[in-house]
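Dropping the sequence and predicted coords here.
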Amino acid sequence: MYRPIAEIHLDRLIRNYRKIQNYVEDALVLPVIKANAYGHGLVRVAKALQEEGVTFFSVFTLGSAIKLRENGISGNILIFSRFTKDLLQLAVEFDITLSIACKDDIQLLIDFIQKTEKCPKVHLKVDTGMSRLGIDYDEVQTILEQLKVHPEIHLEGIYSHFATADEGDPSYAELQLRRFSEVVKLSKQLGLPIKYYHIANSGAVLNLPESFFNLVRVGMLMYGAYPSDETSECIEVEPVMSFKAPIVLVRHVKAGIPVSYGSVYAPDSDSYIGVVQAGFVDGVPRNWFERGYVGYQGKTYKIAGRICMDQFMANFGDEKPQIGDDVLIFGDDGTNRIPIEVIASDINLTPYVLMSTIGGRTERVYINNGEC
Ligand SMILES: Cc1ncc(COP(=O)(O)O)c(C=O)c1O
């Protein structure tokens with residue numbers, strides 16, 4: 001059956017992970033595998049990392065964390081999303097670590113402990129400048145003092161999140177880092193027994209080495225892409241995903257005859273046009289056609305006209321491609337390399353969006369050292 005394929009190279013994932021772990025030295029790499037491991041497949045990615053010795057993972061929802069447990073992932077799992085009262089019992093049962101996102105969460109924990117005499121592990125999230133989840137930076141002292149008098153709350157970590165660590169101008173990230181360092185200092189002065197302090201994401205791993213503390217949360221870099229074109233490339237990574245799709249029909253189109261919706265494109269000379277079975281519903285970025293291209297047998301060919309919902313066309317010029325062969329949309333297939341970052345920058349998106357929206361009819365095929 002014709003369908004797009006996302007080849008997931010688990011050996012590349014592990015090599016990237018090892019390089020990052022070596023680079024951050026004594027800090028522990030906490031792989032971020034939320035959003036279906038950024039489109040790479042939650043369970044397979046977690047299992048590969050667990051085999052490599054990873055013992056701490058992070059996801060966004062409790063549902064993903066439970067799915068990991070049900071599939072044999074035994075390490076710590078931190079969830080980033082805001083929890084609700086009804087999830088506390090499940091968090092205890094499945095040994096999931098929760099994030100405290102605001103003052104009210106602490107009261108929920110206290111009430112739960114009073115009722116059940118149990119408490120899930122928690123990390124306190126501090127908002128140092130992202131204005132998303134987290135205790136207000138100004139209120140941290142009061143909150144830490146409150147947590148000090150409630151040792152029954154199993155506070156294992158304190159963390160924050162950068163808004164601009166992948167940008168060339170480091171000033172705002174440095175401000176966030178100074179604030180976070182103050183919080184760390186305060187918690188130590190209060191004698192709170194905190195095991196993990198963390199704020200660094202991929203951008204910070206590359207741009208802000210002083211932000212590692214004893215744990216770094218890494219997503220994008222581990223999947224083999226740089227979060228933006230303003231980060232250092234001091235760690236060389238390989239793209240884990242190769243997104244491909246089959247040519248299902250080849251037609252010979254005369255010069256000047258329009259191809260695809262809107263008739264905005266026509267070949268300059270008589271050309272072989274391949275119809276490729278993948279469209280924007282599968283994750284092919286709809287805007288990647290003006291300067292967009294695909295890889296085929298070591299060469300690149302222009303995308304011909306607008307990407308449709310289920311298909312798109314590519315101009316092979318005088319060369320007649322083989323029906324049934326795959327073209328490379330992004331990634332590295334050994335003969336072509338099309339970095340996802342190039343597409344992202346051309347169409348003004350981030351690799352985060354491109355990667356995590358691969359879906360539709362796309363089949364994920366897992367490859368380890370060249371074997372499925
Ligand atoms: C709270 C949190 N930590 C870490 C990360 C990982 O970020 P990155 O993929 O840039 O490493 C994310 C991703 O958005 C996140 O939301």
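Nice, thanks for sending it over.

Work out for me the element the residue in the stretch 251-372 of the chain that the ligand sits nearest to sits within.
When scored by CB to the nearest ligand atom, the stretch 251-372 of the chain has Tyr352 as its residue closest to the ligand, at 6.8 Å. Glycine gets a C-beta too; all of them are placed from N, C-alpha and C. When secondary structure is defined by DSSP states H and E, Tyr352 falls within helix 351-356.

pull the CA atoms of that helix into CSV?
Written as CSV, here are the backbone C-alpha positions of helix 351-356 (Å, rounded to 0.1, in the frame of the first residue of the first chain):
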residue,chain,number,x,y,z
PRO,A,351,11.4,22.3,13.6
TYR,A,352,9.2,21.7,16.7
VAL,A,353,6.0,22.2,14.6
LEU,A,354,7.2,20.3,11.6
MET,A,355,8.4,17.3,13.6
SER,A,356,5.4,17.0,16.0
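
what's the helix or strand that that helix is followed by packed up against?
Under the assignment DSSP H and E, the closest C-terminal helix or strand after helix 351-356 is strand 363-367. Judged by 3 or more CB pairs under 8 Å, 6 or more residues apart in numbering; DSSP states H and E, strand 363-367 is in contact with strand 5-9, helix 10-24.

Buried deepest among those, which one?
Among these, the stretch with the highest mean neighbour count (mean count of other CB atoms under 10 Å) is strand 5-9, at a mean of 23.

what sits up against that strand?
Strand 5-9 is contacted by residues 39-41, 44-45, 238-245, 326, 331, 333, 358, 362-368 when judged by CB atoms under 8 Å, 6 or more residues apart in numbering.

likewise stretch 131-138?
By CB under 8 Å, 6+ apart, stretch 131-138 touches 80-82, 99-103, 124-129, 143, 160-161, 179, 183.

does the ligand sit close to it?
No. Contact of stretch 131-138 with the ligand (CB under 6 Å from any ligand atom) is absent, the minimum separation being 8.1 Å.

Please tell me how far that stretch is from the chain's geometric centre.
With CA atoms, centre = their mean, to the nearest Å as the basis, stretch 131-138 stands 23 Å off its chain's centre.

how about the CA coordinates for it, as CSV?
C-alpha atoms of stretch 131-138 as CSV (Å, rounded to 0.1, in the frame of the first residue of the first chain):
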residue,chain,number,x,y,z
SER,A,131,4.8,33.5,32.1
ARG,A,132,3.4,30.0,31.6
LEU,A,133,3.2,27.5,34.4
GLY,A,134,5.0,28.1,37.6
ILE,A,135,5.0,29.9,41.0
ASP,A,136,5.6,33.6,40.5
TYR,A,137,9.3,34.3,41.0
ASP,A,138,8.3,37.0,43.6
